[in-house]
Every structure is written in C-alpha cells, then in structure tokens.
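S.K.: here's my sequence, what's the structure:
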Amino acid sequence: MKLGIIRCLQTEDYCPGTTDFRAIKEKTGAFQGVSEEIEIIGFIGCGGCPGKKAVLRARELVKRGADTVAFASCVQKGTPIGYPCPFAKKMKELIAKDLGEGIRLLDYTH
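M.R.: Below you'll find the predicted structure:
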C-alpha cells in the first residue's frame, strides 16, 4: 500500500501525527488486516475550512505514487480536539469523484 494522509489543518498545533504513524507501523485501526507493506507517500493538511484544497492535495498524493488516501482521524473522528470536520463527507465525495475508483479511500487512521 502506498499511502497518502490528509489531516485537519485545525489540529496541526496539537498533533504531530504520532498516533497515525503508530497505527500504520503496528497495523492497527484502519490498517488492521493489511498484509502488505505500507509506504507513506505524504502527510498533508486539508488546506483549511471548508477543505476546498483537499481535492488538489489528494490529486498530488496520487501523482506522487499513492494508491490509497486516508483521512487522519482528526477529520472524521475529531481527535484530538473533539470536533469532527463538518465538511468531511463532502470532502470525501469530491475526492472520490476526482480520483476515480482506482484509488482506495480510508475514513480514518486510528
């Protein structure tokens, strides 16, 4: 799996992605059951509310080799600030439409 991760811009001051990277290394959370090696292609913010830049950023992750794009848990679960992104569903729909069926999307990391 060649993985690109999109995170919430609002959480960058609170979270360096440690738990995301641990979940990947230990193959827990969204990566439980993944038997193949996981290579991290990139870890990038959504661009800020309302996530309009996320499509371009997901496209860039794929351009650089990602076959899977995950939304860090801060986007849909709201960790660590306790506030899920109100634009998460729309952001995922737009990215899925733009990237097509060949790219796997994960709703969270841990």
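
S.K.: and the strands in this structure?
M.R.: Using DSSP state E, the strands of the chain run over residues 2-7, 39-45, 68-71, 104-106.

S.K.: next, count neighbours for Gly48.
M.R.: Other residues near Gly48 come to 12 when the count uses other Cβ atoms under 10 Å. C-betas here are computed from N, CA, C, even on glycine.

S.K.: phi, psi for it please.
M.R.: Per-residue torsions, Gly48: phi 100, psi 160 (degrees, to the nearest 10).

S.K.: heads up, I number from 21, so please use that
M.R.: Will do, 21 is the new start, and the previous item becomes Gly68.

S.K.: ok, now which ones touch the residue lying closest to it once chain neighbours are set aside?
M.R.: Counting by Cβ to Cβ, 6 or more residues apart in numbering, Leu29 is the residue found nearest to Gly68 once chain neighbours are left out, at 4.4 Å. Residues in contact with Leu29, defined by Cβ atoms under 8 Å, 6 or more residues apart in numbering, are 65-69.

S.K.: do Leu76 as well
M.R.: Taking Cβ under 8 Å, 6+ apart as the contact definition, Leu76 lies against Gly67.
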